[in-house]
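Chemist: What follows is a predicted structure for the sequence shown.
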Amino acid sequence: MSRMEQRKPTRLVPVPSVNMVPERDVDKRPILECRNLGIDFGGLTAVDEFDMAIGRTEIAGLIGPNGAGKTTVFNLLTKVYQPTRGTILLDGKDTHNMSITQVNRAGIARTFQNIRLFDKLSVEDNVKIGLHNQIRYPMWNGVFRLPGYWKKEKLAHESAMELLHIFDMEDLANHQAGSLPYGAQRRLEIVRALATNPSLLLLDEPAAGMNPSETADLMENILKIRDTFHIAIMLIEHDMNLVMGICEGICVLNFGKIIAKGTPEDIQNNPRVIEAYLGSQKKEG
């Protein structure tokens, strides 16, 4: 029986804020909490009054029409942009003025809508790059190939192969990343993000360009990631079958503002969502 078949509906419960998390996470501090988050570009407000919490093992969805501000939210969380106002709490810690590197070390990793692998490097080397948060050695160890360097390299190899094994990619370790099929490149980008040891994984349109079979495999892999690493996952996605089939809490953006939050059932039956997003999808189909 697959993880999708075993999955039971999740009940969302309030936390001490305006937000909700899965019932199993209610006795733990949310891994992420955004309060009145917003950003302006000149006179344009791109995101405003964004309030959201994510439970420590929640699979959350962020959806909305093109241009709604979804990727801007991801850029705020990862500090590509510094917010104009509001607060981002990562495991209770304010990320104000953190850099991209610092927030990654604090526990947020992401993938991108457009795959950003090092095409000319091997699959294993791409994963090793993601291990920089965990495996370090002094510069001189690397320059002179001292024993400490080889010890860390052995550890990096073992760690990379363990991650690749989880996703049945260990046989591809020596292949050039750019030579992989599209779906395998998507998986590799996720594996590299996991190598940074995140507590929150952000996936930006992970099913983009995938066929139905690849999307079904992706759904299984997302559940495997949550269950194996016990982390939270937040995804931006236009494939509503994926979103409604795997996400426990969903937040809907339109013109930079939240218009709905709740379970998949709540969202599917929300008139504002149907009009702003789901309705437009049906018309296009």
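Modeler: That came in fine, so what should we check first? Note that the structure is a prediction, hence the values are computed from the model and not measured. Numbering: from 1, shown residues only.

Chemist: Quickly list what the residue nearest to residue 30 when sequence neighbours are not counted is bridged to.
Modeler: Take residue 30 and drop its neighbours on the chain: the residue closest to it by CB to CB, 6 or more residues apart in numbering is residue 53, 4.2 Å away. (Glycine included, C-beta is placed from N, CA and C.) In this entry, residue 53 is beta-bridged to residue 33, by DSSP bridges.

Chemist: Cross-check the contact I'm expecting between residue 53 and residue 29.
Modeler: No - between residue 53 and residue 29 there is no contact under CB atoms under 8 Å: 9.6 Å.

Chemist: Mind listing what's buried along the single longest helix found in the chain?
Modeler: Looking across the chain with DSSP state H, the single longest helix is helix 147-166. By 16 or more other CB atoms under 10 Å, the buried positions in helix 147-166 come out as 149, 152, 153, 156, 159, 160, 163, 164.

Chemist: from these, which is closest to residue 255?
Modeler: Distance to residue 255, by CB to CB, is smallest for residue 163 among the buried residues of helix 147-166, at 38.9 Å.

Chemist: out of everything not next to it in sequence, what's closest to the closest one?
Modeler: Residue 163 sits nearest to residue 191 (CB to CB, 6+ apart), 5.2 Å away.

Chemist: buried residues in the one helix or strand that neighbour maps to?
Modeler: Under the criterion of DSSP states H and E, residue 191 resides in helix 182-194. Using 16+ other CB under 10 Å as the test for burial, helix 182-194 gives 183, 184, 185, 186, 187, 188, 189, 190, 191, 192, 193, 194.

Chemist: measure the fourth one to residue 215 for me?
Modeler: The one in question is residue 186. Per CB to CB, to the nearest Å, residue 186 is found 10 Å from residue 215.

Chemist: Might one say that residue 236 is in contact with residue 63?
Modeler: Yes - Residue 236 lies in contact with residue 63 (CB under 8 Å); the separation is 7.2 Å.

Chemist: Mind checking which of residue 53 and residue 29 has more residues around it?
Modeler: Under the criterion of other CB atoms under 10 Å, the comparison of residue 53 against residue 29 puts residue 53 first, with 26 against 15.

Chemist: From residue 22, how far off is the more buried one?
Modeler: 11 Å.

Chemist: all strands for the stretch 1-150 of the chain, in order.
Modeler: 12-14, 20-22, 32-41, 44-54, 59-63, 85-90, 93-94, 108-110 (DSSP state E, counting those that start in this stretch).
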